[in-house]
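generate coordinates for the sequence data below:
(6 chains)
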6 protein chains.
Amino acid sequence: MPTLVTFGETMLRLAPPTGERIETATQLDFKTAGAESNVAIAASNLGVDSTWISKLPDSPLGRRVTRELRSHGVEPAVTWTEDGRQGAYYIERGGDPRGTNVIYDRTDAAIRTTTTEEVTGAVDLETTDAVYTSGITPALSSRLRETTASFLEQAGRAGATTVFDLNYRSKLWSPSEARSCCTSLLESVDVAVIAARDARTVLDRTGSDEEIVRELASTGDPAVVVLTRGADGAMAVDRDGRLHDQPAVAAETTDPIGTGDAFVGGFLASYLDDRDVASALAYGSATAALKRTIDGDLAIVTPEEVRAVLENDGGGITR
Amino acid sequence: MPTLVTFGETMLRLAPPTGERIETATQLDFKTAGAESNVAIAASNLGVDSTWISKLPDSPLGRRVTRELRSHGVEPAVTWTEDGRQGAYYIERGGDPRGTNVIYDRTDAAIRTTTTEEVTGAVDLETTDAVYTSGITPALSSRLRETTASFLEQAGRAGATTVFDLNYRSKLWSPSEARSCCTSLLESVDVAVIAARDARTVLDRTGSDEEIVRELASTGDPAVVVLTRGADGAMAVDRDGRLHDQPAVAAETTDPIGTGDAFVGGFLASYLDDRDVASALAYGSATAALKRTIDGDLAIVTPEEVRAVLENDGGGITR
Amino acid sequence: MPTLVTFGETMLRLAPPTGERIETATQLDFKTAGAESNVAIAASNLGVDSTWISKLPDSPLGRRVTRELRSHGVEPAVTWTEDGRQGAYYIERGGDPRGTNVIYDRTDAAIRTTTTEEVTGAVDLETTDAVYTSGITPALSSRLRETTASFLEQAGRAGATTVFDLNYRSKLWSPSEARSCCTSLLESVDVAVIAARDARTVLDRTGSDEEIVRELASTGDPAVVVLTRGADGAMAVDRDGRLHDQPAVAAETTDPIGTGDAFVGGFLASYLDDRDVASALAYGSATAALKRTIDGDLAIVTPEEVRAVLENDGGGITR
Amino acid sequence: MPTLVTFGETMLRLAPPTGERIETATQLDFKTAGAESNVAIAASNLGVDSTWISKLPDSPLGRRVTRELRSHGVEPAVTWTEDGRQGAYYIERGGDPRGTNVIYDRTDAAIRTTTTEEVTGAVDLETTDAVYTSGITPALSSRLRETTASFLEQAGRAGATTVFDLNYRSKLWSPSEARSCCTSLLESVDVAVIAARDARTVLDRTGSDEEIVRELASTGDPAVVVLTRGADGAMAVDRDGRLHDQPAVAAETTDPIGTGDAFVGGFLASYLDDRDVASALAYGSATAALKRTIDGDLAIVTPEEVRAVLENDGGGITR
Amino acid sequence: MPTLVTFGETMLRLAPPTGERIETATQLDFKTAGAESNVAIAASNLGVDSTWISKLPDSPLGRRVTRELRSHGVEPAVTWTEDGRQGAYYIERGGDPRGTNVIYDRTDAAIRTTTTEEVTGAVDLETTDAVYTSGITPALSSRLRETTASFLEQAGRAGATTVFDLNYRSKLWSPSEARSCCTSLLESVDVAVIAARDARTVLDRTGSDEEIVRELASTGDPAVVVLTRGADGAMAVDRDGRLHDQPAVAAETTDPIGTGDAFVGGFLASYLDDRDVASALAYGSATAALKRTIDGDLAIVTPEEVRAVLENDGGGITR
Amino acid sequence: MPTLVTFGETMLRLAPPTGERIETATQLDFKTAGAESNVAIAASNLGVDSTWISKLPDSPLGRRVTRELRSHGVEPAVTWTEDGRQGAYYIERGGDPRGTNVIYDRTDAAIRTTTTEEVTGAVDLETTDAVYTSGITPALSSRLRETTASFLEQAGRAGATTVFDLNYRSKLWSPSEARSCCTSLLESVDVAVIAARDARTVLDRTGSDEEIVRELASTGDPAVVVLTRGADGAMAVDRDGRLHDQPAVAAETTDPIGTGDAFVGGFLASYLDDRDVASALAYGSATAALKRTIDGDLAIVTPEEVRAVLENDGGGITR
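Just a heads-up that it's a prediction; the model follows:
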């Protein structure tokens, strides 16, 4: 089993029933979510030995998070603290034209003070096949900008495949802040994942998606650049400069949140197994499609289910 | 802030979960609803100072209604009584071909005995910018036919913009009863709202929708005639005889009930602000589309959300 | 009122909310289901005097089943026993590409030991208009293979219309087991119902659906052969060799499980009334479409609702 | 199996979760209830062949009632009508000092117009062992005063044991109205059931409970007079003038509503079996205690459970 | 109607079902709560014209709070801001020996920066009969210490009755911090409310409860000192130095949180009406007992219900 | 951290809401439970490194079990199989005199075929501080009788403290079967736990509890004998023959199931730490009392909470 270590914030997820509004709801679904734990969970469910590094308040709220991660087989490597909050987010799901609204409540989250030592002391990078974090982590504090950079650098030096997803969040920082922080990270990691929209908004890229992914792949020396394109699927340029174009797998969507993380988790589960970009894109897309049928951020799926989707054998009634 | 006064019955709304049937359900969602309070609530949520006039039983059931209205910022101007019931309706929502079934339980509702004095004594019409009621109110009792007519007439004389929505309900009266009661009301108000279907069924109009709205606008002297056309949007003829054609805003529908009231509430919020029919139609359509994504009769929306729909910026994920 | 007797297993149905997964759910909807009681319930709701024969454990779980059947007007004719389990199934509903997954938990079900005497002693076949069972029943035990055959044979001899639905379940037996057991049953009953897919997989038929249904109708001497075709509707060849082609009625689907049983229940309610195949196909299709809008296996519908669908008058809002 | 026929109104029962108030609740539990169906259901669950006579609106709400009765094995003998409402009641349960508050919504209930012919035409009184109704039925309309009296009289003449429970409801009529209607009924039936409190308030009796029950037994010629005494249990004087004193069975109460009906249902199940008053009192008390542990009006209990209580073997954990 | 103005923080209240733990729960009840709005709501429900002053984030979470207050008839006088969080608290209710655990999540709450001008500009103190705040407010920030003191002082100068409840929260500050801040406030207000436990822990008082309340009443010049004593009720010394001893009203407790605020709200509703301390104590105790039977912090009660408790007429079944 | 290995069956736990009956419920709470995993979970939550050995079907139902165990920090050491069912139990909770009823549905459970090799191959007994199983395990099949005996024997030889709880279940086997199987196990383990009731019913012991525990301690050579006495607490005789008498800790009970397992889990968490029997009895009793306030079988508690109970500091409101 390949090993994956992710680093980031996991929040409590508070959601009124679909169709209800936060201003008037009287019941909330209570789950946990965060890009880096979402990826760890998707990968774990698909056969990767996954560890998640973070800092949490030593309280029932913090323990709520580690319990849920453990239930998906992810090992929490947590620095427990008396300082800082357990972050949360409220989510209202509604069909178009209302869409899905996320209200972050992550002020003063415990993770904001995490040091490089706390991260690298939490796991043995020498025995780690890959590490992952996203642009959300450095967006949370200046301390985390340093820690994120050091984490990726030390992991790379220890021989781990480094994976970074730009994952721009307009509610956390501006495009220019994100650009100045993330450009060098994207150029130095082994696998860079970028949403086509963010490539334009944050990285100021122009042209067709294919032009953008090729241009991104030609800068710095990442082994693989993956451009996620929403309903258009994903494109990637591999180490050898070959372009791979993966259409999205159609899905009847119950909850769109977490689709991108499910894609990355599925991509990594496949990529860490055989280092083949084309099959990893397909595996990630199938995982993402399955996730969209599931309530919450998490890809609670099995390898058999992903396989059935890839073999066009999903859906319908199985009995 | 413009002021709006509406007059009508508000019921308890009892709904099994979508997919369950009343004959076998064991849980009901408990909300309140009624065309006139729906309009007041939509308008209030969009910045109108709204008051709702009615008569209610002095019981927890009656107070359930005023509490919910207050939570949306609507001021209840209620005559409390020991006589008459708190009306209710049961609603079963189902996809096609089953559709949505409404079972009224409004026999002997307290509102049926409301007199003109009770209505006009409840508010100061001199400081009211607009009043609204619908064809449901006179359908409830012969007493209410008188009261409705007096209310509109006195409001008009006091200088308020009078708004009447035909809102035909086949479970309450026959087309001919509705026609004989409502024709003169429609011709004397400042803004008449009529569903295209009702124009044909109740008012015996024929021809294209455009022909119908133009013909309705040429009868009597209403300033504005609005023809609502379901999935085809709405058409209106303004004071100057200009026709405005507003397509519907597409929506993924969770609950279709209350769409028309949300349209009117949105229309009025805009119209009372600047008296422009074209922008009021657009504002109403956006409000109606948002409402369809929300469970229950009520347009629990913000001006910002309506604006985002008008700017084609609704939907997707906001985070 | 025509009388119908069905024979088969009814299970407890345990379902997490749509969008939740069994591996992580904390709440289950608790209903009952089984092809033969589903058919009896659909027929009962549509005006047939229905009885359901089975064997159940003498426990709250067994009584849970008979209570639910009684609530739909179906008379349970049950042999109560201390031996054997109350079967159950878990069902996860998800949009495509995940689809609906059924996990049977019917090992050692009490019904497995049912003898011909227990079945024929439970009802008076002489006063029964029709009997129904499906291929699920003989799939449950070798004892039930005998009992099923005897039941159909004795019912036929007593003058009842015999109805058999192949209803192949790959989780219960192999195609060849099903074929060797069911071929003679299909050939000897008065009405044979076969899914087009099963005709190919189990009965090794090839060619177009029309070719298949014609060929099946020419073997043995069933009066009527009905080929169900999913989204393509159903085809039937009647006693006189005439082919009837019934398109499916479109439906917004909440729960696809039980559609086939609703079709058969509706078909029989109409067919037992006037023995007309064409109108029975239409009635069955309308019933099936309504069922798809309802949560659970059961067609909780009224004759008025079926009629409204047939008259293209279903859907929308009724108020 | 003895046969029992009851006659009365059954309502929809709408209850917010315990601890929530009707004025603010957003969810309601949806059950059905009514003294006469409660008694029929308790008796049916304890082995009596029970039928319930009533008049209901021909609507999903009316059918909701018959479905629930059928699920408990009670046969509904219903006159379906287009006139009149389906009655309902809202119930708020709260611990002391708040207590349980019942809000009736039974205005214009369909049952109000029931004639003697409708009642006696619904069942075969000649084959009926016992009939039951309560003082609630004549309280609903003057028509029902006549019908109730005729029903009891004709049943008595047909040889059935007649049972009448005074069951005074202050929200329906005044003590003097109740007294003038019920006194002769109580004196002419075979079994009269009276709450000690009602004997004082309605029947103007004074003295100790024992004095009251003895005095009531000496008036008219009822075979048996049962005085129910809340936490003090019940007392009865049998045909031979012997007094029986039954203490209440202690219970941890989840829902007190329906306790009295459960007592009567249990009493009758035993009494109709062997005509022994002492054992019927004990059986009724055990049934009533079990009912208090169950949510809703209904005694969903088995003879085995009643027996375990009588043998002091209830409670604890059974596994 | 007397008018009351309260000033303080209102939080979102997130509670798993009773018996579930936060670490494992998947559903939360979603209400709002805060000492000062709890008091305003209790008083409003009992006939006082109540306004609540606070500062809230301009978000659905902030609007969630004002909607709930409005539903109880309380007018929110809110400074909307982009800075600071909407506070929340998680609550786990469990029987003894576990008890009720409150987890505050009020870091960086928007209210922390509220200035005297924002408070006094929000209402017209000249027309205010009474103002109320508690020791929780100054515990939230040093800015609020100033604002609280000014608010009470200016209200007093404007002629309002000033009411202050010490309401010590060990999770917010130490006893010595509370003492140094609150001592002068307690001595300068018109009505001081102090829990007997806090009088000992925070104010270092010793002796019997009677000795303590007498001693507190002799310091500074408050008109009334109320000592709340949990299960022992409350004691007060009035303006004339008379001691009043009010036993607690027994209650079957569903939710103990908010009992003290309900007591104060009830006390004020009575006291502001007739300035009689003895009857205000009784009224407050009855309100507090009713609150304990209700889920959540809020005294959702009517004057009739309080009266019934005072007349020993509460509890049981009312129908 | 001490290490504990337990071996036994874990079931799905299906429970209608308190107050509802299985025969009529429509919703079930879905948890997992089993004596041996309950003990492992209690111990894990209290700081023991716990592993649970079992055999499960390779299905979502089996994985449901391991996910829940992992969420409590227990490592599942599972043999996955295609043979055998995932056991379940239904539980109805009701106050006295109804009590709690458990309906086992564990026929043909996958664990029944577990061999000694599967058990001992699953963990490293050399590094295990203690092993635990209960009399439920050998009651499930004759194969398990062998496996249980071998497991305890080999664990003892490897140096682990062996713990056996008689845990008699009358629905699984007779007293004499249990006696003949368990007597030698009880005599050979290091810690024997026996309910006083089982000592009488199964082991035929007589006399006072103290006499019984002393006599049991004098047979064979167990180091410690613990006699659990329900509401009377527990007694134990330690290695040195000293008797320890621990009263029960009073608790307001939400769910009594799992109390005994919580006691053992708490006992072991303390005993494995310092081998002191008296403090282990106290720690176990406190854990058991906390468990009774929690819904489900599991002691979801923290060491801090247990400590607060031991210091008489639990209960009330903490804020």
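
chain neighbours aside, what residue packs nearest to the residue of the stretch 151-300 of chain A found nearest chain E?
Minimum separation of the stretch 151-300 of chain A from chain E (Cβ to the nearest Cβ) falls at A:G296, amounting to 10.0 Å. Every C-beta, even on glycine, is put in place using the N, C-alpha and C of the backbone. The shortest distance from A:G296 to any residue other than its chain neighbours is 4.7 Å, reached at A:K31 (Cβ to Cβ, 6 or more residues apart in numbering or on different chains).

that neighbour contacts A:I294, doesn't it?
No - using Cβ atoms under 8 Å, A:K31 is not in contact with A:I294; the gap is 10.9 Å.

which one's more surrounded, the two?
For A:K31 and A:I294, the more surrounded residue by other Cβ atoms under 10 Å in any protein chain shown is A:I294, and the numbers stand at 24 against 19.

which ones are touching the more buried one?
A:254-255, A:300-301, C:19-21, C:94, C:98 (Cβ atoms under 8 Å, 6 or more residues apart in numbering or on different chains).

and what about it, helix, strand or coil?
When classified by DSSP: H, G, I helix; E, B strand; the rest coil, A:I294 comes out as coil.

now do the same for the residue of the stretch 101-250 of chain A found nearest chain C: its pLDDT.
Taking Cβ to the nearest Cβ, chain C has its nearest neighbour within the stretch 101-250 of chain A at A:V249, 6.0 Å off. If you check A:V249, the pLDDT there is 96.

hmm, it is touching A:T287, no?
No - the pair A:V249 / A:T287 is not scored as a contact, 9.1 Å apart, by Cβ under 8 Å.

the more surrounded of those two?
The neighbour comparison of A:V249 against A:T287 (other Cβ under 10 Å) goes to A:T287, with 32 against 21.

residues in contact with the closest residue in space to the more buried one that isn't next to it in sequence?
Closest residue to A:T287 in three dimensions, ignoring its sequence neighbours and counting by Cβ to Cβ, 6+ apart: A:G266, at 2.8 Å. Residues near A:G266 by Cβ under 8 Å, 6+ apart: A:42-43, A:46, A:280, A:283-288, A:299, A:306.

what of A:P256?
By Cβ under 8 Å, 6+ apart, the neighbours of A:P256 are A:100, A:292, B:317.

so which of the residues you listed comes closest to F:T133?
A:R292 (43.7 Å; Cβ to Cβ).

that closest one: neighbour count?
25.

you'd agree it is up against A:V249?
No - in this structure A:R292 lies outside contact range of A:V249 using Cβ under 8 Å: 9.1 Å.

now the angle between helix F:60-71 and the helix or strand in which A:E68 is found, please.
Taking DSSP states H and E as the criterion, A:E68 maps to helix A:60-71. Using axes from the mean of the first three to the mean of the last three Cα atoms, to 10 degrees, the inter-axis angle of helix A:60-71 relative to helix F:60-71 is 140 degrees.

kindly format the C-alpha coordinates of helix A:60-71 as PDB.
The C-alpha trace of helix A:60-71 is given here as PDB (Å, rounded to 0.1, in the frame of the first residue of the first chain):
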ATOM      1  CA  PRO A  60     -14.900  17.500  22.000                       C
ATOM      2  CA  LEU A  61     -15.000  19.600  18.800                       C
ATOM      3  CA  GLY A  62     -11.400  18.800  18.000                       C
ATOM      4  CA  ARG A  63     -11.900  15.100  18.800                       C
ATOM      5  CA  ARG A  64     -15.000  15.100  16.600                       C
ATOM      6  CA  VAL A  65     -12.700  15.700  13.700                       C
ATOM      7  CA  THR A  66     -10.200  12.900  14.500                       C
ATOM      8  CA  ARG A  67     -13.000  10.400  15.200                       C
ATOM      9  CA  GLU A  68     -14.400  11.000  11.700                       C
ATOM     10  CA  LEU A  69     -11.100  10.700  10.000                       C
ATOM     11  CA  ARG A  70     -10.200   7.500  11.800                       C
ATOM     12  CA  SER A  71     -13.600   6.000  10.700                       C
END
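
neighbouring contacts of it?
A:10, A:12, A:31-32, A:37, A:40-41, A:52, A:54, A:56, A:75-76, A:78, A:80, A:86, A:110, C:24, E:21-24, E:90, E:92, E:101, E:103, E:105, F:67-68, F:70-73.

picking that back up, need the buried ones from the contacts of A:I294 selected in ChimeraX.
Restricted to buried positions by 16 or more other Cβ atoms under 10 Å in any protein chain shown, the ChimeraX selection for these reads:
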select /A:254,255,300,301 /C:19,20,21,94,98
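
ok, and of the contacts of A:I294, which contact chain E?
Applying Cβ under 8 Å from any Cβ of the partner chain to those, one finds that nothing falls near chain E.

out of the contacts of A:I294, which are inside helices?
Within these, no residue falls in helices by DSSP state H.

interface residues of chain A facing chain F?
So far as Cβ under 8 Å from any Cβ goes, chain A lies against chain F at A:67-68, A:70-73.

please redo it, this time with the cut-off set to 10 Å
A:45, A:60, A:63, A:66-75, A:300, A:302 (Cβ under 10 Å from any Cβ of the partner chain).

farthest pair within those residues?
Longest span within those, Cβ to Cβ: A:P60 and A:T302, 30.5 Å.

just to revisit the earlier point, what's the overlap in contacts for A:V249 and A:T287?
Listed as contacting both A:V249 and A:T287 by Cβ atoms under 10 Å, 6 or more residues apart in numbering or on different chains are A:309-310.

so which residues of chain A form strands?
For chain A, strands defined by DSSP state E occupy the ranges A:3-7, A:11-15, A:27-33, A:49-57, A:75-81, A:88-92, A:100-105, A:130-134, A:161-165, A:191-195, A:224-228, A:234-237, A:243-246, A:317-318.

any idea how far C:P256 is from whichever residue of the stretch 151-300 of chain A sits closest to chain C?
Nearest residue of the stretch 151-300 of chain A to chain C: A:E252, at 2.5 Å (Cβ to the nearest Cβ). Separation of A:E252 from C:P256 (Cβ to Cβ, to the nearest Å): 12 Å.

mutual contacts of these two, please.
With Cβ under 10 Å, 6+ apart as the test, A:E252 and C:P256 both reach C:G99.

for the nearest residue to A:M11 once chain neighbours are set aside, what are its contacts?
Counting by Cβ to Cβ, 6+ apart, A:G87 is the residue found nearest to A:M11 once chain neighbours are left out, at 4.3 Å. Residues near A:G87 by Cβ under 10 Å, 6+ apart: A:9-12, A:34, A:56-57, A:61, A:65, A:104-112, A:140.
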